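Asks: sharing a sequence plus its predicted fold:
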Amino acid sequence: MATGKINVSVENIFPLIKKFLYSDHEIFLRELISNATDATIKLKHLYSIGEAKGEYGNPIIEIKIDQEGKKLHIIDQGLGMTAEEVEKYINQVAFSGAEEFLEKYKDSAKDAGIIGHFGLGFYSAFMVGSQVEIISKSYKDEPAAHWICDGSPEFNLLPSTKNERGTEIILHIAEDSEEFLEEYRIKELLSKYNKFMPIPIKFGTKTETKTIGEGEDAKEESIEVDNIINNPNPAWTKAPANLTTEDYNQFYRELYPMQFEEPLFHIHLNVDYPFNLTGILYFPKLSHDLQLQKDKIQLYQNQVYVTDNVEGIVPEFLTMLKGVIDSPDIPLNVSRSYLQADGNVKKIANYITKKVSDKLKALFTENRADFEAKWNDIKIVLEYGMLSEPKFYEKAGDFFLYPSVDNKFYTLQELKDTITENQTNKDGKLVVLYAANVDAQHAYIQDAKQKGYEVLLLDSPIIAHLIQKLESENENLTFVRVDSDHVDNLIKKGEDAVSALSEDEQKQLQSSIEEIVPKGSFTIQFQPMSADASPFIITKPEFMRRMKEMSAHGGGGMFGMGNLPDMYNLVVNTNHPLTQRLLLASDKEKQGLQIKQALDIAKLSQNLLKGEELTAFVKRSFEMMN
Ligand code: ADP
Ligand code: MG
């Protein structure tokens, strides 16, 4: 028997480990299973180069709970360690890893981000174990070794009678960590961290029924089989050519068992230079309610789950996607801000952006009808990407779609080609008319369509930002919502109409209207329009409305704009016969009633007539009919 003292400068490292990693105790199991996996893969390699003798077989890793003995066992059939190797790898290497951690932690004490992304390796066993044993038999022809340590720098190293090759780690679970003796808790950890690890992991057994014999002699028999909790060959590790869409959807369900909606499409990532990365991203159905943050993209390193916080690695607009990314090249033991500045990580983000835009373009080109059908579910991600990633904006020109209120889809170029001669304003810019809601803006849409204009349906919450950007990138383009003015004023055709009312008459009518209309609620404008346009029209000026929308949805610069009241114009058509009748009315009371009625009708078409006002309007209308 040998005893010894582990050579470290920090006198008692374990209380520190426990304290610093408090929130993440559970990673011990991931670390120990990772070591067991490494040991098995190393053994396989030794067989492949003829260094190890005999059969490699089908090694597995087993996790066993001993509730009575308050112990947790992690058993592998890997290459094992000799006593000498235990000295070297556990007492020296692993310990220096733990020390290094504390060293690094000191410098970045304020950056809480690093905890939880730092694999502490073997010594994380002491976060939950008051005593840890290693019993290991090397593949080499040497006796097995038995190492025991209670968390102080002293340890015992004894010979052992273990015969089978491999390593067994025994954790004597500490009193404050007894949750890790519960079957459900271990199951939870295995399914979180180890679901796709490359070596089969056994946790308990399960019963399977098997048919034995044939025909009349056939018998059903129950047999106990190993309960393997992982899928060692997940879809992302396979070649895309060997996978069908159903395989990808199947893997999606495996990844998110509680997700019942199928993904819209997938993107298989696979690159090995200048960095290593594999994975599969899925576009989920987003629709309108954005309850999307539950099932996130999962980050793996060599099939070991690390985190589902991919911020800084995946471009922000793509964090709404789902799926997995596996890369050993992402430094995780650093703060997030450092991560964002890392050149390799930036390259990864750019690669992902490019892959996503290539896929979108391919989908658009190969089956445009299908792409259009999916548009509503993907547009928000794309809009967000165009706003936040200049590279994506450039590419999106090829496949970003502008749907009309009649469900016709244009690319920007097609839109420009369609509206060219037909829709320009007085400055000669192309006018893109759009609506945000076909019901609320029905009358305005009808008006525009009757004149032969195309009206888009742009209804996303961040559309105001995108429009603003499109206008700044396309100088000859201007977007206006159909209810921002009468369509005749938005699109200029030929000469201005001549007003049937003189300036004096307009002033006279204005003061009559102001007696009826509450002060400050509308800006009154007189405009000569065609006689078939309504006499009173209520409009929401494009600029103010858009600024207000932008500040409500993340317009950082426009501080306080979100609190502005809505601004409306009351546009009076000076060429409508009713307008002239209102002016000439001899009976003051009747004139007031008619102005009120006309105003209410105009409000009604903007959905602005509600409550008491609406009741009064209905009553008045019936009275006037009588
Ligand atoms: P790392 O895995 O990053 O090398 P660890 O602290 O997890 O660091 O482990 C230290 C070393 O101990 C390993 O590199 C390995 O040589 C050895 N080791 C740990 N667990 C096992 C095991 N189950 N089988 C064989 N060797 C092991
Ligand atoms: Mg390790």
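Replies: Cool, got the structure. Ligands and ions are numbered 1, 2, ... in the order given.
Asks: kindly list the longest strand within the protein.
Replies: Counting by DSSP state E, the longest strand found in the chain is strand 201-212.
Asks: is it anywhere near ligand 1?
Replies: No: Strand 201-212 stays out of contact with ligand 1 when judged by Cβ under 6 Å from any ligand atom, the minimum separation being 13.3 Å. Yep, even glycine has a C-beta here, placed from its N, CA and C like the rest.
Asks: would you mind listing what in the stretch 351-500 of the chain touches ligand 1?
Replies: Applying the criterion Cβ under 6 Å from any ligand atom, no portion of the stretch 351-500 of the chain neighbours ligand 1.
Asks: now the helix ranked longest in the chain, how far from the chain's geometric center?
Replies: With secondary structure taken from DSSP state H, the chain has its longest helix at helix 343-366. For helix 343-366, the gap between its own C-alpha mean and the chain's C-alpha mean amounts to 16 Å (Cα atoms, centre = their mean, to the nearest Å).
Asks: also stretch 379-395?
Replies: Stretch 379-395 has its C-alpha centroid displaced from the chain centroid by 14 Å (Cα atoms, centre = their mean).
Asks: tell me which residues of it come out buried.
Replies: 379-387, 389, 392-393, 395 (16 or more other Cβ atoms under 10 Å).
Asks: tell me which parts of the protein are close to ligand 1?
Replies: The chain has residues 31, 35-36, 39, 76, 78-79, 81, 89-90, 93-94, 97, 121-122, 167 near ligand 1, with proximity defined as Cβ under 6 Å from any ligand atom.
Asks: one more pass at 5 Å, please.
Replies: Within reach of ligand 1 by Cβ under 5 Å from any ligand atom, the chain has these residues: 35, 36, 39, 89, 93, 94, 97, 121, 122, 167.
Asks: only whichever of these are buried, select them in PyMOL.
Replies: To isolate the buried ones among the residues of the chain next to ligand 1 in PyMOL, judged by 16+ other Cβ under 10 Å, type:
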select buried, resi 35+36+39+89+94+121+122+167
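Asks: give me the nearest residue to residue 377, chain neighbours excluded.
Replies: Once flanking residues are discounted, residue 377 sits nearest to residue 285: 4.8 Å by Cβ to Cβ, 6 or more residues apart in numbering.
Asks: can you verify my assumption that the one you found contacts residue 261?
Replies: Yes: using Cβ atoms under 8 Å, residue 285 is in contact with residue 261, at 5.1 Å.
Asks: stretch 191-204 close to ligand 2?
Replies: No: using Cβ under 5 Å from the ion, stretch 191-204 stays clear of ligand 2, with a minimum separation of 12.9 Å.
Asks: CA atoms only for that stretch, dumped as PDB, please.
Replies: In PDB, the C-alpha atoms belonging to stretch 191-204 read as follows (Å, rounded to 0.1, in the frame of the first residue of the first chain):
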ATOM      1  CA  SER A 191     -30.600  12.800 -21.200                       C
ATOM      2  CA  LYS A 192     -29.400  16.400 -20.900                       C
ATOM      3  CA  TYR A 193     -25.700  15.800 -21.400                       C
ATOM      4  CA  ASN A 194     -25.100  12.400 -22.800                       C
ATOM      5  CA  LYS A 195     -28.000  11.700 -25.200                       C
ATOM      6  CA  PHE A 196     -25.700  11.600 -28.200                       C
ATOM      7  CA  MET A 197     -22.400  10.500 -26.900                       C
ATOM      8  CA  PRO A 198     -20.500   8.100 -29.100                       C
ATOM      9  CA  ILE A 199     -20.200   5.100 -26.700                       C
ATOM     10  CA  PRO A 200     -23.400   3.200 -25.600                       C
ATOM     11  CA  ILE A 201     -24.300   4.100 -22.000                       C
ATOM     12  CA  LYS A 202     -26.200   1.600 -19.900                       C
ATOM     13  CA  PHE A 203     -28.400   2.700 -17.000                       C
ATOM     14  CA  GLY A 204     -30.300  -0.200 -15.500                       C
END
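Asks: so what touches that stretch?
Replies: With Cβ atoms under 8 Å, 6 or more residues apart in numbering as the test, stretch 191-204 has contacts from 27, 29-30, 33-34, 36-37, 40-41, 58-63, 76, 183, 186-187, 190, 226-234, 254, 300, 302-305, 324.
Asks: using CSV, list the CA coordinates for stretch 503-516.
Replies: The C-alpha coordinates for stretch 503-516 follow below in CSV (Å, rounded to 0.1, in the frame of the first residue of the first chain):
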residue,chain,number,x,y,z
GLU,A,503,-59.1,80.1,-50.1
ASP,A,504,-61.7,82.2,-48.3
GLU,A,505,-64.3,79.5,-48.6
GLN,A,506,-61.9,76.9,-47.2
LYS,A,507,-61.2,79.2,-44.2
GLN,A,508,-64.9,79.6,-43.6
LEU,A,509,-65.5,75.8,-43.7
GLN,A,510,-62.5,75.2,-41.5
SER,A,511,-63.9,77.3,-38.7
SER,A,512,-67.3,75.5,-39.0
ILE,A,513,-65.5,72.1,-38.8
GLU,A,514,-63.4,73.3,-35.8
GLU,A,515,-66.5,74.1,-33.9
ILE,A,516,-67.5,70.4,-34.1
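Asks: how distant is it from the center of its chain?
Replies: In terms of Cα atoms, centre = their mean, the centre of stretch 503-516 is found 55 Å from the chain centre.
Asks: which residues does that stretch contact?
Replies: 499, 501, 524, 526, 570, 572, 574, 579, 582-583, 591-592, 595-596, 599.
Asks: can you pull out the strands in the stretch 201-350 of the chain?
Replies: Ranges of strands in the stretch 201-350 of the chain, per DSSP state E, counting those that start in this stretch, are 201-212, 219-228, 265-271, 277-283, 298-301, 304-307, 322-326.
Asks: give me whichever of these is most buried.
Replies: Among those, ranked by average contacts under mean count of other Cβ atoms under 10 Å, first place goes to strand 322-326 (a mean of 25).
Asks: mean confidence score for that one?
Replies: For strand 322-326, the mean pLDDT works out to 95.
Asks: re the thing from before, give me the lowest-pLDDT entry from the residues of the chain next to ligand 1.
Replies: Out of those, that is residue 97, at 61.
Asks: any idea which residue sits dead centre in the chain?
Replies: Nearest to the mean C-alpha position of the chain, counting by Cα atoms, centre = their mean, stands residue 320 at 1.5 Å.
Asks: would you list the residues of the chain next to ligand 1 in CSV and tack on distance to residue 366?
Replies: Listed next are those as CSV, based on distance: Cβ to Cβ, whole Å:
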residue, distance to residue 366
35, 46
36, 45
39, 46
89, 53
93, 52
94, 52
97, 50
121, 47
122, 50
167, 51
